[in-house]
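Undergrad: Please find the sequence and the predicted model below.
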Amino acid sequence: MLRKIRILLAAICFIGVTLLFLDFTGTLHRFLGWLAKIQFLPALLALNLVIVAALVVLTLVFGRVYCSVICPLGVFQDIVSWFSAKRKRFRSRFSWSKEVKWLRYGVWTLFAIALIFGVQAFVALLAPYSAWGRIVQNLFQPLYIWCNNLLALISERVGSYAFYSREVWLRSLPTFLIALATFVAVLCLAWKHGRTWCNTICPVGTLLSFFSRCAMFRPVIDVDKCRNCKMCERKCKASCIDIENHKIDYSRCVDCFDCIESCKFDALHYRFAWGSRKAKAVEATASDASRRAFLTSSVILAGAVTLEAQEKKLDGGFATILDKKVPERTLPIAPFGARSAKDFYRRCTGCQLCVAACPNDVLRPSTSLDRLMQPEMSYERGYCRPECTKCSEVCPSGAILPITAPEKTAYKVGTARIDYDLCITSDGTSCGNCSRHCPASAIQMVSKDPSDKEAILIPVVLEENCIGCGACENLCPSRPLSAITVNGVEAPYKRDFSSMFE
């Protein structure tokens, strides 16, 4: 019964989180967004102490149910292991093995150091929620969008517009390759060894293991009833049951309850076991060993270290329209709603949820080594429309604050700069496309030579009005580089207009 309840809850959480990353409209976040906010790392970076405390208390009471129910990467490992067990020879393939302490606590130490010193690329690489988000957004969402486009094509043929097509494109090759490598590694480990990733690499699992050692409720072996058949040991995906010594390593047990269901002699029960002598002895031994492993691993020092396939586009004649190139920006552009660029990149988990939800293809993972996999804004495919606040609605870590459309126009995340050598006004043609489409009225057309009435008009940026939305850069007809480039500001800020109405 416990196993069935766990599977039901895990299915709800896993499907819900996965749908959040598949949904490119951001609609589902209204109903399922809470599933992203209860993930450990986003809650920690958002300083949502209520959720962090609740997860710690949950672990202290029931053990590591977070890993087997709430964490999507953990549930994915269970799914892969379940399919692997369908093979006749491998239904009961696990056995007791000691924890790999140097690797487990070494990775956790490096993760903690990276988190403290703001090396977010390393943090995002190992965080289970972020890893699953990258896998879904990079590998599964394109398939989801292709199916959506097929439905859009069919519905259009019958006169319905219930679906609309969306272009599939590679936002970042390095992030795609990292997502693919993570997916293959987790898949192979789970297929052969069950929860190896969860109990050797995952830093969240290691952190929760410190609390699960002394959980109030846990699986307990009844020595009098046990017949040493080892069926529970062979069913344990975490390889944490040593049936010869009748011990369970509670730091690795994720409370999947497979062992309880497999026992034919009723020798395993999930019950209140806080304070029993045997449990205390096992906990003391495990704690001493883990403490030594942690101190040893803390001295480990290590260092950590875009092709796009697109169809050519043609204008009304036969001329090829060149794709826009990404310009060199003096500073990256943080999304609207960020407190500052520094705060944004410190809080961001690199989960790609905002990238998946962005309807204008403005957000994409950075390829810069110091911000690898974390989103930044770029305007080759679209611009940040003033009415759109999708990224602020879905961010679970507090890197992007929830804002309304009116509040968004008060933010300044960048400033436009004009390169007159690239502007078509250098050929004696007055364009004005940037001025016509600027939603903030930050670009005006002025005479190139005030003394000449016949002089052409050229664009001028009013920096105090510019908010950095990128409409001018995106709609500039200059190819392959736009004549206007938006550069980020050191500290995105919200402007105060109250004095204008006094």
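TA: Sure, I can see it.

Undergrad: How many residues are close by Asn148?
TA: 19 (other Cβ atoms under 10 Å). Backbone N, C-alpha and C define where each C-beta goes, glycine included.

Undergrad: who's in contact with the nearest residue to it once chain neighbours are set aside?
TA: Distances taken as Cβ to Cβ, 6 or more residues apart in numbering put Phe163 closest to Asn148, at 5.9 Å, once the chain neighbours are dropped. Going by Cβ atoms under 8 Å, 6 or more residues apart in numbering, Phe163 touches Asn148, Asn149, Leu151, Ala152, Ser155.

Undergrad: and Phe163, what element?
TA: For Phe163, there is no enclosing helix or strand under DSSP states H and E.

Undergrad: Now it: phi and psi?
TA: As for Phe163, its main-chain torsions (degrees, to the nearest 10) stand at phi -120, psi 150.

Undergrad: Same question for Glu407.
TA: phi -70, psi -30.

Undergrad: what pLDDT does it get?
TA: With respect to pLDDT, Glu407 scores 87.

Undergrad: Kindly report the same for Val223.
TA: Looking at Val223, the pLDDT reads 92.

Undergrad: If we ignore the residues flanking it in sequence, what's nearest it?
TA: His246 (5.3 Å).

Undergrad: quick one, strands of the chain?
TA: 217-221, 241-242, 247-248, 268-272, 313-314, 320-321, 363-365, 375-377, 411-418, 443-447, 457-461, 484-494 (DSSP state E).

Undergrad: hey, least reliable of those by pLDDT?
TA: Among the strands of the chain, strand 313-314 scores lowest, at a mean of 46.

Undergrad: For Cys476, which non-adjacent residue is closest in space?
TA: Closest to Cys476 by Cβ to Cβ, 6+ apart is Ser482, at 4.0 Å.

Undergrad: circling back to that earlier point, dump the strands of the chain to JSON lines, plus mean neighbour count.
TA: Listed next are those as JSON lines, based on neighbours: other Cβ atoms under 10 Å:
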{"stretch": "strand 217-221", "mean neighbour count": "21"}
{"stretch": "strand 241-242", "mean neighbour count": "22"}
{"stretch": "strand 247-248", "mean neighbour count": "22"}
{"stretch": "strand 268-272", "mean neighbour count": "15"}
{"stretch": "strand 313-314", "mean neighbour count": "10"}
{"stretch": "strand 320-321", "mean neighbour count": "11"}
{"stretch": "strand 363-365", "mean neighbour count": "24"}
{"stretch": "strand 375-377", "mean neighbour count": "27"}
{"stretch": "strand 411-418", "mean neighbour count": "23"}
{"stretch": "strand 443-447", "mean neighbour count": "16"}
{"stretch": "strand 457-461", "mean neighbour count": "18"}
{"stretch": "strand 484-494", "mean neighbour count": "19"}
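
Undergrad: For Gly63, find the nearest of those.
TA: strand 217-221 (5.4 Å; Cβ to Cβ).

Undergrad: Now tell me what touches that closest one from outside.
TA: Here strand 217-221 has contacts from 61-63, 241, 243, 246-248, 250, 253, 255, 257, 259-260, 267-273, 276, 279, using Cβ under 8 Å, 6+ apart.

Undergrad: That'll do, ta.
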